[in-house]
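> Sharing a sequence plus its predicted fold:
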Amino acid sequence: GQNIDQPTEMTATEGAIVQINCTYQTSGFNGLFWYQQHAGEAPTFLSYNVLDGLEEKGRFSSFLSRSKGYSYLLLKELQMKDSASYLCAVRGWNQGGKLIFGQGTELSVKP
Amino acid sequence: ETGVTQTPRHLVMGMTNKKSLKCEQHLGHNAMYWYKQSAKKPLELMFVYSLEERVENNSVPSRFSPECPNSSHLFLHLHTLQPEDSALYLCASSQDLWDRGRYHEKLFFGSGTQLSVL
């Protein structure tokens, strides 16, 4: 089976940097996704990692270590609008390519 | 706007009612999904339709019945639900691609239907 763990809640200050961790266990790995979900809205795609290393996209970066079953999402120059839930999802071959989601990390950005 | 539209946005129903959730995607994708999102719980995959054929049912109770008449439309028919079925129901779509095995591209989600069962 698959298991995905991420912190339930985090708080950070506007302008700061925050790192949201995600650890996973899967018997067949084929990619890790990060989604952002504002309250009452649809989850939206942020990043995709399938190889080890860092993927950078503007203020957001995502890192993957397949050997450690570990990923993080790094948010720089935090803005109030970054307050949202951040969902880590893993795609495994044994799930027929379906995404399995973690419970999400609720990030609150304070002034 | 993600290109995936869900109606209604909110639904309140009694346990003896029959209702349907509707999803429509305008992205030309060939796979559609229903997910359930309960408070403080992970998104739970309920059903997948790929190329209009249902390929997975994660032991979802029979009181939930999906229907996919074509690649752009997806329904979730609800019948005699329980209060614990109250949740946000999200529809998503993706382009189903093959590459040395089977996998799906990234999901595009609708805004969801917030369902309350009384």
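Nice, thanks for sending it over. Just so you know, these numbers come straight off a predicted model, no measurement behind them.

> pLDDT value on B:Thr2, please?
Per-residue confidence (pLDDT) for B:Thr2: 71.

> A:Gly1 too?
pLDDT at A:Gly1 comes out at 59.

> which residues in the chain form strands?
Reading this off chain A. A:3-5, A:9-13, A:18-25, A:32-37, A:44-49, A:53-57, A:60-65, A:70-75, A:84-91, A:99-101, A:105-110 (DSSP state E).

> The intended chain is chain B.
Applying DSSP E to chain B gives strands spanning B:4-7, B:10-13, B:18-25, B:31-37, B:44-50, B:53-57, B:64-70, B:73-79, B:87-94, B:96-98, B:102-104, B:108-109, B:113-117.

> now these as a markdown table including mean neighbour count and distance to A:Cys88?
Using the backbone N, CA and C atoms, a C-beta is placed for each residue, glycine as well. Output for these, formatted as a markdown table (neighbours: other C-beta atoms under 10 Å in any protein chain shown; distance: least, C-beta to C-beta, whole Å):
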| stretch | mean neighbour count | distance to A:Cys88 |
| --- | --- | --- |
| strand B:4-7 | 18 | 21 |
| strand B:10-13 | 14 | 28 |
| strand B:18-25 | 18 | 24 |
| strand B:31-37 | 24 | 15 |
| strand B:44-50 | 21 | 15 |
| strand B:53-57 | 13 | 21 |
| strand B:64-70 | 15 | 26 |
| strand B:73-79 | 19 | 25 |
| strand B:87-94 | 24 | 16 |
| strand B:96-98 | 13 | 22 |
| strand B:102-104 | 20 | 17 |
| strand B:108-109 | 22 | 15 |
| strand B:113-117 | 18 | 23 |
